[in-house]
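Participant: Below is the sequence, then the predicted model.
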Amino acid sequence: MLAVKAQSKKKPYLVRLAIVFGISLVFVVAFNEITYAMQREPYDRQPEIVQVIIPHGTAERMKAGEPEPTIPEDLVFVVGDVLEVVNQDEVSHQLGPMWVPAGATGTLGMDEPTTMSYSCSFQVDESIDIDVRQATTWGTRLIGITLAVPTMAALIYLYSLAAVPIREPKGTKKNDGSTPDTAEEG
């Protein structure tokens with residue numbers, strides 16, 4: 001009998017907790033996805049093959065101190081990307097550990113997040129910065145949601161109890177055996 005009364009006293013708290021948890025889930029998912037969409041970076045994508053083409057005459061332009069306008073000065077990759085350098089020049093070129101003979105193609109895998117500065121024969125300053133970043137995936141975003149929902153639910157639940165306490169139904173006996181109605185009259 002006491003167990004049934006204890007469960008009936010807990011029920012309003014559990015109902016409120018379930019409602020607050022649902023509200024927190026909706027709020028956190030909406031907030032997370034809106035902020036992700038607003039701050040999304042170009043590297044928030046699936047790994048792919050990134051091709052850099054060294055056009056014919058690049059070595060001559062480098063000797064004259066003229067940059068090759070089609071080759072970026074810095075490259076940003078996602079972990080898992082593959083850099084493919086296509087050498088259409090008549091001179092062999094080097095990019096860090098990769099040596100690409102004239103008319104050939106070389107590849108370099110981007111396996112871990114890091115920032116590197118490589119020697120590069122097809123840049124005027126003979127170096128290129130390569131930034132390999134971890135992409136923001138569904139898994140990463142799901143971890144953020146999973147961590148935020150219980151925290152948000154606990155905070156809202158506690159504030160809701162302080163702001164709007166759960167009242168006992170009329171006619172319920174208090175610990176001293178009196179009902180709330182008779183306790184106020186006496």
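Facilitator: Structure's in. What do you need?
Participant: Around residue 158, how many other residues sit close by?
Facilitator: By other Cβ atoms under 10 Å, the residues close to residue 158 number 11. To be clear about C-beta, it is placed using only N, CA and C from the backbone, and glycine gets the same treatment.
Participant: What's the first helix or strand after the helix ranked longest in the chain?
Facilitator: When the chain is parsed with DSSP state H, its longest helix is helix 2-39. Next along the chain after helix 2-39, taking DSSP states H and E as the criterion, comes strand 49-54.
Participant: Give me the pLDDT value at the residue positioned nearest the centre of the chain.
Facilitator: Centroid-nearest residue in the chain, with Cα atoms, centre = their mean: residue 136, separated by 4.0 Å. pLDDT, residue 136: 85.
Participant: and what of residue 150?
Facilitator: Residue 150 is assigned 96 on the pLDDT scale.
Participant: Now name the helix or strand holding it.
Facilitator: helix 138-163.
Participant: Against which helices or strands is that helix packed?
Facilitator: helix 2-39 (3 or more Cβ pairs under 8 Å, 6 or more residues apart in numbering; DSSP states H and E).
Participant: sorry, back to before: next, the angle from the helix holding residue 150 to helix 2-39.
Facilitator: Calculated by axes from the mean of the first three to the mean of the last three Cα atoms, to 10 degrees, helix 138-163 forms an angle of 130 degrees with helix 2-39.
Participant: got the buried residues for helix 138-163?
Facilitator: The neighbour-count check on helix 138-163 (16 or more other Cβ atoms under 10 Å) flags 148-149, 152-153, 156-157, 160 as buried.
Participant: Flag the helix or strand of this structure with the lowest per-element mean pLDDT.
Facilitator: Within the chain, no helix or strand scores below helix 180-185, which has a mean of 51 by mean pLDDT, DSSP states H and E.
Participant: In which helix or strand does the residue nearest to the centre of the chain reside?
Facilitator: If you go by DSSP H and E, residue 136 is not part of any helix or strand.
Participant: isn't it right next to residue 44, touching?
Facilitator: Yes: if you go by Cβ atoms under 8 Å, residue 136 and residue 44 touch, sitting 4.6 Å apart.
Participant: low-scoring stretches of this structure, by residue?
Facilitator: Applying pLDDT under 70 to the chain flags the ranges 1-7, 169-186.
Participant: how does it divide up, domain by domain?
Facilitator: With domains defined by automatic domain parsing, the chain comprises 2-40+138-166, 49-133.
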